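Enquirer: Model the following, please.
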Amino acid sequence: MSTTEKKASFSVIVTVHDQAEELTTNLPLLLTQQYEGYEVIVVDESSTDGSADILKQLKTENPYLYTTFLPKYHFRQNRRRLAFTIGVKAAKKEWIIFTDITTPPPSDQWLSELEEFATTSTELLLGYYTKKGDVTLTPFDEISQAASIITKAERWRAGIGHDKWLRHIQRSANYDFIVVRANRGHEVLRLFAAEHRLQASKE
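Expert: Predicted coordinates:
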């Protein structure tokens, strides 16, 4: 890449609910990336375990950390999707990264690795962490090409089904994060909706 070429910018979105321990351990790994032009957005799903206090303290130390919350009265709705929707609306960067506080990046070069794949033709990346601490990325030119993978993985994350087919999906398709152009983030959120419809049928 030319030194004069503009680098890709990222909004990293995380949702949490009563995960104070994970915030303390893993959020600093997101906040100490050796990369310019990124922000971290944490959506707190009205935690009761002190997560809000941890976020407040970290925010005073990190000007590029933005925190917001999902009110409790939304809990009977599509909570995961709504929390990420709040994050997407707050995002200000070129690319959005959907990730989980339980799966932190393996190094402070994580965003630098992603930047190499943020090309003009790529619309979405699915990211996987290996046992050796490496990052494997699968690029897609169209979101529709990754739709079935995302939907099936979200079904597993919701705990829907435990048959042989879904166990195979969990092993082969359960990515650790999604990277998508900011103006296409709403399309990924629609894929999350299938998870909640299935979850609602269990309750």
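Enquirer: Who is the residue lying closest to Gly127 once chain neighbours are set aside paired with across the strands?
Expert: Excluding the flanking residues, the one nearest Gly127 by CB to CB, 6 or more residues apart in numbering is Phe177, at 4.4 Å. Just so you know, the C-beta spots here come from the backbone N, C-alpha and C atoms, and that holds for glycine as well. Bridge pairing for Phe177 (DSSP bridges) gives the partners Thr99, Gly127.
Enquirer: Quick check: Phe177 touching Thr136?
Expert: No. Between Phe177 and Thr136 there is no contact under CB atoms under 8 Å: 11.2 Å.
Enquirer: Give the intersection of the neighbour lists for the two.
Expert: Gly127 (CB atoms under 8 Å, 6 or more residues apart in numbering).
Enquirer: Next up, the contacts around the residue nearest to Gly127.
Expert: Applying CB under 8 Å, 6+ apart, the residues contacting Phe177 are 97-100, 103, 126-127.
Enquirer: Gly87 too?
Expert: By CB under 8 Å, 6+ apart, the neighbours of Gly87 are 11, 13-15, 41, 43, 68, 96.
Enquirer: Same question for Leu137.
Expert: Taking CB under 8 Å, 6+ apart, one finds 113-114, 117, 125-128, 179 in contact with Leu137.
Enquirer: do Asp108 as well
Expert: Per CB under 8 Å, 6+ apart, neighbours of Asp108: 29, 32-34.
Enquirer: if we can go back for a sec, buried ones among the contacts of Phe177?
Expert: Buried members of the contacts of Phe177, counted by 16 or more other CB atoms under 10 Å: 97-99, 103, 126-127.
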